[in-house]
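**Student:** 3D, please:
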Amino acid sequence: MNALTAGSAAFLARYEGLRARLPGPAALREDGAALLRERGLPGRRVEEWRYTDLGALAQIGFTEALTEAVEHPALPPMRAAHRAVFVDGRFCAHLSALPAWAASLPSALDAAAPLLRGAEGQPLAALNALLWEDGLFLDLTAGTEGGTLELLSLAAHAARPIAFHPRHVLRLAAGASLTLLETSLGPAGATYLHNPVFDVTVAEGAALTHVRVQREGRGAFHLATVRADVAAGGTYDSFTLNAGARLARGEMHVALNGPRAAAHLNGAQLAADGQHADITTFLDHAAPDCPSRQTVKTVLAGRARGVFQGKILVRQAAQRTDGYQMNQALLLSEEAEINAKPQLEIYADDVKCSHGATVGALDPDQLFYLRARGVPEREARALLVQAFLTEAVEGVTDPAARAALDEAVAGWWEREAA
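**Tutor:** Predicted coordinates for the structure are as follows:
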């Protein structure tokens, strides 16, 4: 039995021990269990996982997250009027400040159950379907202006390897709007798995801005999946920052199902020695007149590894699609490595689609220019890295979200690339 098979067996055994107390539709959990029994955790022979190896994850004996939440964990200051706090994957009502349209998922299952999705062939979503115990349900009625809500996930226990698999469900009715600022934090020395799944429904004319700031501890595994359905005239606008964890992978599966639906899947990855960062996207253009934009920037130091996989599917009905995809990598070390796989699959004949990828190092002439004007080398390198990231982050206009991104980038540089 190899490590991946053994890892799958361990998660399945944990499911069998917990299944009697797990909330939600049992059929969806069985769907996830069936997929894991059949395929196990994905290995590098699976094309979508060719560049990201889960072997180290499978070798760790993760246990259930502790049921007794930390009463008073150290929390960062609130960045918005509303906040949902999860500690070790469990919702903490006494630390949260929720609006009327938000609730913990188990407390709102009657309304949320129809929106829960099964594994859909995705191994990490299958693992989440198997073991989720808690999560957040956001249900915005037509025309609601939700402002900004902060979703804070904190890993607090470091004594033993734990795993938590929150399921978050978002529904924006026609014309509703929301900015969701999602931040994931954890202690530097802890080994844990954070495997969240987001099921997102954006109705006609609604707009969701989803900013994800991943700053897990350096011993963590962060494996996140976002699945969004966007109706006519709706917008899903996301930005993902990978700046922490030993191994991080963010998957986004977005379907543009109605005319003039739009998606922006931008992101940045900052990884230093020993880190592996992966952004994988799948954009399904299923309706006509839909634009999509993807710009992903990756900065790698030491022996870091980065991955970008982005696929745009244009179905036959999706005439007049306008799809753009660009990923660029900046290597700060000769030992850093980036793997990029942009893809276009087009079945319509009236489209405008393009993709590109570039890899390079800091420009020595620009560095010399700054040094010659009295800028110390470390500050000069930081300025050039910041300039490289500008195109990816400039679309984040919410003040709280932008402040969180700027703080994360500055903190990464201070810790890892000094």
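**Student:** and L127, what is it in contact with?
**Tutor:** F11, G32, L36, L41, H165, N195 (Cβ atoms under 8 Å, 6 or more residues apart in numbering). C-beta coordinates here come from the backbone N, C-alpha and C atoms, glycine included.
**Student:** number of nearby residues for the last one?
**Tutor:** Pointing back at N195 there. When counting by other Cβ atoms under 10 Å, one arrives at 25 neighbours for N195.
**Student:** ok, now the first one?
**Tutor:** For F11, the number of neighbouring residues by other Cβ under 10 Å comes to 23.
**Student:** what phi and what psi does the backbone show at it?
**Tutor:** Backbone geometry at F11, expressed as degrees, to the nearest 10, gives phi -70, psi -40.
**Student:** Return the alpha-carbon coordinates of the helix or strand that L18 is a member of using PDB.
**Tutor:** Under the criterion of DSSP states H and E, L18 resides in helix 3-18. What follows is helix 3-18, C-alpha atoms only, in PDB (Å, rounded to 0.1, in the frame of the first residue of the first chain):
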ATOM      1  CA  ALA A   3       1.300   6.500   1.000                       C
ATOM      2  CA  LEU A   4      -1.500   8.000  -1.000                       C
ATOM      3  CA  THR A   5      -3.600   4.900  -0.700                       C
ATOM      4  CA  ALA A   6      -2.900   4.700   3.000                       C
ATOM      5  CA  GLY A   7      -3.800   8.400   3.400                       C
ATOM      6  CA  SER A   8      -7.100   7.800   1.700                       C
ATOM      7  CA  ALA A   9      -7.800   4.800   3.900                       C
ATOM      8  CA  ALA A  10      -7.100   6.800   7.000                       C
ATOM      9  CA  PHE A  11      -9.500   9.600   6.000                       C
ATOM     10  CA  LEU A  12     -12.200   7.000   5.100                       C
ATOM     11  CA  ALA A  13     -11.700   5.200   8.500                       C
ATOM     12  CA  ARG A  14     -12.200   8.600  10.200                       C
ATOM     13  CA  TYR A  15     -15.400   9.100   8.300                       C
ATOM     14  CA  GLU A  16     -16.700   5.800   9.400                       C
ATOM     15  CA  GLY A  17     -16.100   6.700  13.000                       C
ATOM     16  CA  LEU A  18     -17.700  10.100  12.700                       C
END
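**Student:** Going forward, count from 46.
**Tutor:** Let's use 46 as the start, then, which means that last one is helix 48-63.
**Student:** residues in contact with it?
**Tutor:** 46, 74, 78, 81-82, 85-88, 99-100, 102-104, 106-107, 109, 172, 175-176, 178.
**Student:** try it again with 10 Å
**Tutor:** For helix 48-63, the external contacting residues (Cβ atoms under 10 Å, 6 or more residues apart in numbering) are 46, 67, 74-75, 77-78, 80-89, 98-109, 168, 171-172, 174-176, 178, 208, 210, 238, 240.
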